[in-house]
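Trainee: What follows is a predicted protein model with its sequence.
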Amino acid sequence: MNTVSVVTLAKGRPDHLANVVLGLCRQVQPPAELIVAVMQDQLYVLPEAPFPIRQIVTTGGALPLAAARNAAARTATSDMLVFLDMDCIPAPDLVADYAAGLAELDGLLMGEVMYLPGGATRDGWNFDGFAAVAVRHSDRRGPPPAGIERCNDYRCFWSLNFAMRRATFLAAGGFDERYFGYGGEDTDFGKMLDGKGIAIAWMKGGLAYHQYHRHHMPPIHHLESVVRNAQLFEAKWGYRTMGHWLHAFRLLGLIDDVEGRPIRILRDPDADDLALTGQQSHQPYSNTTTVIRILEERARQRDAGREPGTAGEAQTAQAVA
């Protein structure tokens, strides 16, 4: 049997990482090891597990996500790699599903992700309880009805929960480590794989449950890194990525992104911006599409000479579509 290493990146949220370990302890096919690329000075205190857990400290700018994934992949010793976000609790079949999928397809496989509301992991948890309350993200497509389905648009790649054969990942060159902070490195990696003819595919199974944490969509709390990484992507590939986020930033008056010249940050996000984009505790995930609809409606009202309405928007912007 080919072995599977699970790799994850971690900064803060120790309870979330502990739940990842507990989820891996309940696998029908346990991983050979867990590699944690730690993006902070202090290592984690983690639950006991029936497999080795190795923590490696990765430094280099704020949130060196690309470098951390590469370092974890190089450290891993198994034939297959499962890349799992530290907020994602793996369902019992996740490792086995990916092992079977990668035996069939030498490419990148993306498993399922369901989102949990706040409080779902308090006072102990079980997978039946998760299944009863978890929801799918309205901005993300679901899995195929069965098996593996090729994705013909590299922009679909999302690093929250995916797997590759280790040799294929390393031969492809891994993530571009010039990206740091939030945004851009996933699309860059997907485009690179597409150019090399390496398949990107959805699969039924490989399910993980995303734990609630406070977030903003669009990610205005990562404004500077999104802008920097969008311009890095443009310099490399000839066009910008993260267009929906940049569109929202422009509607908010945060940036000037006229085509043909560098993006300018006009101001920092304020309390109203944070309220509009912030995820509420009862909402399993944050939602860029809903915020853009509100901002575009505000713009239409201004164009019509009316005062834009804002009452209740902060409470409704992130409602699940």
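Mentor: Done, it's in.

Trainee: Return the residues in contact with the most centrally placed residue in the chain.
Mentor: The residue lying closest to the centre of the chain (CA atoms, centre = their mean) is L160, at 3.8 Å. Going by CB atoms under 8 Å, 6 or more residues apart in numbering, L160 touches D85, C88, V113, A208, H210. Just so you know, the C-beta spots here come from the backbone N, C-alpha and C atoms, and that holds for glycine as well.

Trainee: need those in CSV with secondary structure and neighbour count, can you?
Mentor: Shown next, in CSV, are these (DSSP: H, G, I helix; E, B strand; the rest coil; neighbours: other CB atoms under 10 Å):
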residue, secondary structure, neighbour count
D85, coil, 19
C88, strand, 24
V113, strand, 23
A208, strand, 22
H210, strand, 21
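
Trainee: can you tell me which two in the residues you listed are farthest apart?
Mentor: Of all pairs drawn from the contacts of L160, the greatest distance, 8.5 Å, lies between D85 and V113 (CB to CB).

Trainee: Quick check: neighbours shared by these two?
Mentor: Listed as contacting both D85 and V113 by CB under 8 Å, 6+ apart are L160, N161, A208, H210.

Trainee: Check which helices and strands the helix or strand where H16 lies sits against.
Mentor: In this structure, H16 sits in helix 14-25 according to DSSP states H and E. Applying 3 or more CB pairs under 8 Å, 6 or more residues apart in numbering; DSSP states H and E, we find helix 14-25 packed against strand 4-10, strand 33-38, strand 88-90.

Trainee: In stretch 209-222, which residues are buried?
Mentor: Residues Y209, H210, Q211, Y212, H216, M217, P218, P219, I220, H221, H222 are the ones in stretch 209-222 that count as buried (16 or more other CB atoms under 10 Å).

Trainee: Distance from it to the middle of the chain?
Mentor: Distance, stretch centre to chain centre, for stretch 209-222: 10 Å (CA atoms, centre = their mean, to the nearest Å).

Trainee: Same check on stretch 139-155?
Mentor: Centre-to-centre, stretch 139-155 and its host chain are 16 Å apart (CA atoms, centre = their mean).

Trainee: And that stretch, end to end?
Mentor: One end of stretch 139-155 to the other measures 13 Å (CA to CA, to the nearest Å).

Trainee: what's the answer for stretch 112-129, then?
Mentor: Stretch 112-129 stretches 17 Å from its first residue to its last (CA to CA).

Trainee: in it, what counts as buried?
Mentor: E112, V113, M114, Y115, L116, P117, G118, A120, T121, W125, F127.

Trainee: If you tally nearby residues, what's the number for the residue nearest to the third one when sequence neighbours are not counted?
Mentor: For M114, the nearest residue in space outside its immediate sequence neighbours is A134; the separation is 3.7 Å by CB to CB, 6 or more residues apart in numbering. Each residue near A134 was counted by other CB atoms under 10 Å, and the total is 18.

Trainee: now do L105
Mentor: L105: 16 surrounding residues under other CB under 10 Å.

Trainee: and H215, what does it touch?
Mentor: Residues in contact with H215 (CB under 8 Å, 6+ apart) are G278, Q279, Y285, S286.

Trainee: May I ask you to confirm that the third one is in contact with Y115?
Mentor: Looking back up the chat, that one is Y285. Yes: using CB atoms under 8 Å, Y285 is in contact with Y115, at 4.5 Å.

Trainee: Where does pLDDT dip in the stretch 151-300 of the chain?
Mentor: Scanning the stretch 151-300 of the chain for pLDDT under 70 picks out 280-283.

Trainee: Can you show me the helices along it?
Mentor: With DSSP state H, counting those that start in this stretch as the criterion, the stretch 151-300 of the chain has helices at 166-172, 185-195, 223-237, 243-251, 271-277, 288-303.

Trainee: want to throw those helices into TSV with distance to L102 and mean neighbour count?
Mentor: TSV is the format used below for the helices of the stretch 151-300 of the chain (distance: least, CB to CB, whole Å; neighbours: other CB atoms under 10 Å):
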stretch	distance to L102	mean neighbour count
helix 166-172	9	17
helix 185-195	15	20
helix 223-237	28	19
helix 243-251	31	19
helix 271-277	37	17
helix 288-303	31	16
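
Trainee: Need those in a markdown table (columns: distance to L22).
Mentor: Shown next, in a markdown table, are the helices of the stretch 151-300 of the chain (distance: least, CB to CB, whole Å):
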| stretch | distance to L22 |
| --- | --- |
| helix 166-172 | 25 |
| helix 185-195 | 27 |
| helix 223-237 | 31 |
| helix 243-251 | 33 |
| helix 271-277 | 31 |
| helix 288-303 | 31 |
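
Trainee: among these, which is nearest R261?
Mentor: R261 lies closest, by CB to CB, to one member of those: helix 223-237, at 10.5 Å.
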